[in-house]
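Visitor: Could you look at this predicted model? Sequence included:
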Amino acid sequence: MRRIGVLYNPLSEASIARSLELESWLHDQGKDVWRGISQDCRDRPDLLDGIDLMVALGGDGTILRAARLTFDNPMPVLGVALGHLSFMAEIAPRRCTMDCARFLPDASGTMSALWCR
């Protein structure tokens with residue numbers, strides 16, 4: 001897993017702040033990161049090329065936007081609960097980097113989380 005997408009809700013201060021923190025942490029892990037909003041990808045679908053995982057920071061709408069963006073570039077979407085309901089998100093904001101780390105391979109190339117595509 002080399003390139004990670006971080007999709008955030010531009011109308012949510014919490015989403016913006018958490019996306020900046022996650023982007024920095026992922027860079028520290030040696031990952032190539034694309035960080036942006038869904039409109040960026042609708043305008044330039046090539047931004048998603050090579051992304052192995054999309055982390056969606058926001059509510060259910062943000063997660064649905066992330067899922068829609070991945071139709072032509074299949075990849076897992078990992079939702080971080082920053083919305084009012086966040087029915088579709090499993091990860092709590094305070095555990096964002098800790099839980100994201102489970103989806104990144106360790107030095108031996110194994111992951112502690114199981115992916116289903």
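Guide: Structure's in. What do you need?

Visitor: State the mean pLDDT of stretch 42-49.
Guide: The pLDDT scores in stretch 42-49 average 93.

Visitor: Point out where this structure drops to low pLDDT.
Guide: 105-117 (pLDDT under 70).

Visitor: Now do the strands in it.
Guide: 3-8, 32-36, 53-58, 77-81 (DSSP state E).

Visitor: So what touches the second one?
Guide: Counting contacts by Cβ atoms under 8 Å, 6 or more residues apart in numbering, the residues outside strand 32-36 that touch it are 2-8, 19-20, 23, 26-27, 47-48, 50-51. To be clear about C-beta, it is placed using only N, CA and C from the backbone, and glycine gets the same treatment.

Visitor: same thing with stretch 83-103?
Guide: Contacts of stretch 83-103 (Cβ under 8 Å, 6+ apart): 1, 9, 12, 14, 18, 21-22, 25-26, 29, 53, 55-64, 76, 78-82, 111-113, 115.

Visitor: can you check stretch 13-21 too?
Guide: In contact with stretch 13-21 (Cβ under 8 Å, 6+ apart) are residues 6-10, 35, 57-58, 62, 80, 82, 93, 96-97.
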